[in-house]
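*Asks:* Provided below are the primary sequence and the corresponding predicted coordinates.
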Amino acid sequence: MTASDFQTTAGQVEVVNPDLYLATLTDKKASLEIEAEVSLGVGYEPVERRKKEKIAIGSIALDAIYTPIRKVKFVVVNMRVGDRTDFNKLVFEIETDGSIKPETAFKKAVDILDEHIKILGSIEIEPEEVTAAPKKVSKKSKKTE
């Protein structure tokens, strides 16, 4: 049995990884009924963090991985602009699970980074008073003859 065997409501839920292995039925007469709960979230959430929720008898709680990003790689390469060769270009490679386009993921990441930079820029930092350390006076010994 794979994820493609799930019966979903058209337009409301999409199985992103239809080849995902779920179970093996060893008897031709066997049947399996699975009711799955889908929720939104961010990042990774282990079962232990959700223990507050009341789980019905017969249910199996699983760790949740909400991130659609599988891999991100970046490389800085030299770039030529006209006669100048002292420019750099930042190249990104973004791999997703198919639930979001890499371009959309990149734009969302840029928006998040922009918000964080705005927060950092709004922090008022009081300058520390710096006092110069006292200079050490070296004593030179003179040789007497």
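*Replies:* In hand now; what should we look at?
*Asks:* Would you mind pointing out the helix or strand A56 falls in?
*Replies:* A56 belongs to no helix or strand when assigned by DSSP states H and E.
*Asks:* What distance do you get for it to E35?
*Replies:* Per Cβ to Cβ, to the nearest Å, A56 is found 10 Å from E35. From N, CA and C alone the C-beta is placed, and that goes for glycine too.
*Asks:* quick one: common contacting residues for those two?
*Replies:* Counting by Cβ atoms under 8 Å, 6 or more residues apart in numbering, A56 and E35 have no common neighbour.
*Asks:* the strands in the protein, which residues?
*Replies:* For the chain, the strands defined by DSSP state E cover 44-45, 64-65, 69-81, 84-96.
*Asks:* Mind putting the ones you listed into CSV with mean neighbour count and distance to A105?
*Replies:* Converted to CSV, the strands of the chain look like this (neighbours: other Cβ atoms under 10 Å; distance: least, Cβ to Cβ, whole Å):
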stretch, mean neighbour count, distance to A105
strand 44-45, 13, 17
strand 64-65, 14, 15
strand 69-81, 10, 6
strand 84-96, 11, 6
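*Asks:* Export these to CSV and append columns for mean pLDDT and distance to P127.
*Replies:* Converted to CSV, the strands of the chain look like this (pLDDT from 0 to 100; distance: least, Cβ to Cβ, whole Å):
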stretch, mean pLDDT, distance to P127
strand 44-45, 87, 40
strand 64-65, 86, 44
strand 69-81, 93, 33
strand 84-96, 93, 33
